[in-house]
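> missing the sequence, but the structure's below:
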Ligand SMILES: [Zn+2]
């Protein structure tokens, strides 16, 4: 097998894909404005590996403004659809999301993220946007998200209701018993 086969296989790994979300802030000149955009698809969500969103199709636009003294403002705007678990039946459902989040980024001795200001190690100056984009999408999911009326998996709902009523413990549904079901 030619060695280039392996190289090609390596280049197709998720890690390689995720490199496109890294932005070298230090290379921006002072006062510069940089626009980036991505479509976050299933490969993105599976590479990030977050708990809430496994799949999706979200347009993400990012605007980065470079200020004096190694300081940047990052504005993220997201719109699209993600697949999340329905609160009632645990089946996957489409959830429309729209999000607008901003970050202030600085350089410091140690990398840090206090929720409002992200500090990058001064010798790096590279911001990996992947997790911030994921987080912005995840924060935009409503606390309660359910299928439209009638679209839930009624088999699951029935079992959950039966258990709620007679307290029977069927091992097949044991994992679902924590779930509160509306009656
Ligand atoms: Zn449902």
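Received, thanks. Quantities reported herein were computed from a predicted structural model and do not represent experimental measurements.
> how distant is the helix or strand hosting residue 158 from the center of its chain?
Taking DSSP states H and E as the criterion, residue 158 maps to helix 154-166. Relative to the mean C-alpha coordinate of its chain, helix 154-166 is positioned 32 Å out (C-alpha atoms, centre = their mean, to the nearest Å).
> How about stretch 129-145?
Stretch 129-145 sits 5 Å away from the centroid of its parent chain (C-alpha atoms, centre = their mean).
> contacting residues around residue 109?
Contacts of residue 109 were listed using C-beta atoms under 8 Å, 6 or more residues apart in numbering, and they are 121-122. Backbone N, C-alpha and C define where each C-beta goes, glycine included.
> sorry, back to before: model confidence over the helix holding residue 158, on average?
If you average the pLDDT over helix 154-166, you get 83.
> Now do the SS call for the closest residue to residue 100 other than its chain neighbours.
Setting aside the residues directly before and after it, residue 100 is nearest to residue 77 in space (C-beta to C-beta, 6 or more residues apart in numbering), at 5.3 Å. Reducing the assignment at residue 77 to three states with DSSP: H, G, I helix; E, B strand; the rest coil gives strand.
> tell me the pLDDT at residue 77?
Model confidence at residue 77, expressed as pLDDT, equals 98.
> Using the three-state scheme, assign residue 101.
strand.
> doesn't residue 73 make contact with it?
No: judged on C-beta atoms under 8 Å, residue 101 makes no contact with residue 73 at a distance of 11.6 Å.
> how about stretch 140-157: buried residues?
Neighbour-count burial for stretch 140-157, counted by 16 or more other C-beta atoms under 10 Å, picks out 140-141, 145, 147, 152, 156-157.
> err, stretch 38-49, not the other one
Taking 16+ other C-beta under 10 Å as the basis for neighbour counts, the residues of stretch 38-49 that come out buried are 38, 40, 44-45, 47-48.
> What of stretch 51-63?
Of all the residues in stretch 51-63, those buried under the rule 16+ other C-beta under 10 Å are 52-56, 58, 60, 62.
> Could you do stretch 85-105 as well?
Buried, per 16+ other C-beta under 10 Å, within stretch 85-105: 85-90, 93, 95, 97, 99, 101, 103, 105.
> Could you identify the pair within the residues you listed that is furthest apart?
Greatest spacing in these, by C-beta to C-beta: 89 and 105 (40.8 Å).
> Within the helices and strands, which one has residue 145?
Taking DSSP H and E as the definition, one finds residue 145 inside no helix or strand.
> Could you find the closest non-adjacent residue to it?
Counting by C-beta to C-beta, 6+ apart, residue 95 is the residue found nearest to residue 145 once chain neighbours are left out, at 5.4 Å.
> after whichever strand or helix holds that neighbour, next one along is what?
With elements delineated by DSSP H and E, residue 95 resides in strand 92-108, which encompasses its position. Once the chain leaves strand 92-108, the next helix or strand it forms, by DSSP H and E, is strand 112-113.
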